[in-house]
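Enquirer: Sequence and predicted structure, then a few things I'm wondering about:
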Amino acid sequence: MTVGVRTATQQDVEPLSRMLARAFRADPFHRWVFPNERAWARGSQRSFAWAMAGELDHGTVFTDEGLRGAAIWRDPGRNSPSFWEQLQTGLPMLPLLGVRSPLVLAGMRRLADAHPKRRHGYLSILGTDPDQQGQGIGSALLHTLIDRCARTAAAAYLEASRPENVPYYERHGFEVIGELQLPRGPTVWRMLHAPCP
C-alpha cells in the first residue's frame, strides 16, 4: 500500500493532536510527563498541539492523507532547540505540569544537552494511530525525513523511549549512540541515522 505524505496545516492540528494522544498513551516518556489519568486527560492533547505549533510555520510537520500518522521534525538547516528555547516556547505548558515542572524541565534539559554536535535533523515525534499501525504509515513519514536529510548530507537524530521501537528504527538505518536516564523516569535511546555518503 502506498502512503501519501503531505505537509500538515493548521486545520490538521486538532485531529492530529487527538491521534497522537492515542498513539502515545502508553509511551514511557509521555507518561513520565503526565503520569496519572487526570494529568494525561488535561495535558496530553494540548502538549502535542503545542509541539506542532512550534514547527508548523517551518513546514516540518508531516502527515498522511487520512491523518493516521504524524511526524514533527526540525530540518538540519535549523539548530536543534536549545533548552532555553524549549523553556521559552513551553511556558504555556508549565501550568499543566504543576508540581512536576522542575522534574520535567530537568529531563528536557538533559535531552537538549545530549543532541549531537554535528549538523542533523531532529525527529521529536513520530506516531501512528494505534488502529492503523502496521500499514506502513510511520515508515513513509520516517523516510520522508531521512530523504530530506540525505539531500543535504545531514544526519537524522531521534530519541526512542520504548525499547521495542529501537529495532524498528534500526531497520530504517538508525543506530543507538547512547542511553539517557531521565530524572526519576524512563531510559531513552539516542539514535542517529548517518548521512548518505
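Expert: Structure received.

Enquirer: CA only for contacts and neighbour counts going forward, please
Expert: OK.

Enquirer: Now the residue most central in space within the chain. Its backbone dihedrals?
Expert: The centre of the chain sits closest to residue 125, judged by CA atoms, centre = their mean, with a distance of 1.6 Å. Here is the backbone geometry of residue 125 (degrees, to the nearest 10): phi -150, psi 130.

Enquirer: does it have beta-bridge partners, and which?
Expert: Following DSSP bridges, residue 125 is listed with bridge partners residue 72.

Enquirer: quick one: contacts for it?
Expert: 70-73 (CA atoms under 8 Å, 6 or more residues apart in numbering).

Enquirer: For these, which two are the farthest from each other?
Expert: Maximum pairwise distance among the contacts of residue 125 (CA to CA): 9.7 Å, between 70 and 73.

Enquirer: Just the CA trace of stretch 51-61, in PDB.
Expert: Taking C-alpha atoms only, stretch 51-61 is exported to PDB below (Å, rounded to 0.1, in the frame of the first residue of the first chain):
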ATOM      1  CA  ALA A  51       4.700  20.800  19.700                       C
ATOM      2  CA  MET A  52       3.200  21.000  16.300                       C
ATOM      3  CA  ALA A  53       2.700  24.800  16.600                       C
ATOM      4  CA  GLY A  54       6.400  25.300  17.100                       C
ATOM      5  CA  GLU A  55       7.200  23.600  13.700                       C
ATOM      6  CA  LEU A  56       4.100  24.300  11.600                       C
ATOM      7  CA  ASP A  57       5.300  27.600  10.300                       C
ATOM      8  CA  HIS A  58       8.500  25.900   9.000                       C
ATOM      9  CA  GLY A  59       6.600  23.300   7.000                       C
ATOM     10  CA  THR A  60       8.100  20.400   9.100                       C
ATOM     11  CA  VAL A  61       5.000  18.700  10.500                       C
END
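
Enquirer: wouldn't residue 181 be in contact with residue 188 here?
Expert: Yes. Counting by CA atoms under 8 Å, residue 181 does reach residue 188; the two are 6.4 Å apart.
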